[in-house]
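**Q** Okay, predicted coordinates and the sequence, questions at the end:
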Amino acid sequence: MTTNRSSYSQDGEVQPISPENLQRIMEPSEEAMKLLVEEADRLGKKLSKNLTTSQIRNIFGEVRSIEQDVLPTDQQLSLDVQRRLLMLKPKMAYQVGRFSNNEALQALVETLSDAIDLIGNDKNRFQTFVNLFEAILAYHRRYGGKTN
C-alpha cells in the first residue's frame, strides 16, 4: 500500500482514497459508512471529469462476476474468490497501462487495489468493497461522468 498521500489535493488533481481512510471504511460502524459515502462522493466527482463510464464498468463487471461466486451461506470468502480478487489487481494495472495518461484511472485503481489488500477472506469487508465501488460509480454518473 502507498502511504503519505492525502485524500484531498490543493491543485485539483485526482487523489485516491488514503489507506488510512480505507482502513476506517472497512471497519463495521456508522462512522465507516458515512466516510464511505463521503469519500465515494469526492472521488466519483473527480473521476467524472476524466474517466469514462466504460473504463469503470470494465473493472466493475469483473467485481460483479466475482460477487456471484460468494454464496449467502459462506462464512468466509473461498480461496477461488480470494484468488480472483487478487488477479483483479494485474487486470487493473493493465488498464492503467492502456490509458497511461489518465490520472483519474490511476487514482481509482490505487484505491481499489489498496481496498483489495484489506479484504483477505473477510466476507463483510468484501461486501464493503463492493459497496464502495458501487458508490464511486454512482457518484461518477451523478456528476456527469463521460459515457464514452
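**A** Happy to help now that I have it. Numbers count the residues shown, from 1 in each chain.

**Q** for the residue of the chain most remote from its centre, helix, strand, or coil?
**A** Distance from the C-alpha centroid of the chain, by CA atoms, centre = their mean, peaks at residue 73 (24.9 Å). Assigned with DSSP: H, G, I helix; E, B strand; the rest coil, residue 73 falls in the coil class.

**Q** Can we start the residue count at 103 from this point?
**A** Renumbered: residue one is now 103, and that last one reads residue 175.

**Q** so which helix or strand takes in the residue nearest the centre of the chain?
**A** Nearest to the geometric centre of the chain sits residue 214, at 3.4 Å (CA atoms, centre = their mean). Taking DSSP states H and E as the definition, one finds residue 214 inside helix 205-221.

**Q** Contact partners for the closest residue to residue 168 other than its chain neighbours?
**A** Once flanking residues are discounted, residue 168 sits nearest to residue 186: 4.8 Å by CB to CB, 6 or more residues apart in numbering. Where you see a C-beta, it was placed from the backbone N, CA and C, and this is true even at glycine. Neighbouring residues of residue 186 by CB atoms under 8 Å, 6 or more residues apart in numbering: 167-168, 171.

**Q** how does it look with 10 Å?
**A** Counting by CB atoms under 10 Å, 6 or more residues apart in numbering, residue 186 touches 164-165, 167-168, 171, 179-180, 193.

**Q** That concludes my questions; thank you for your assistance.
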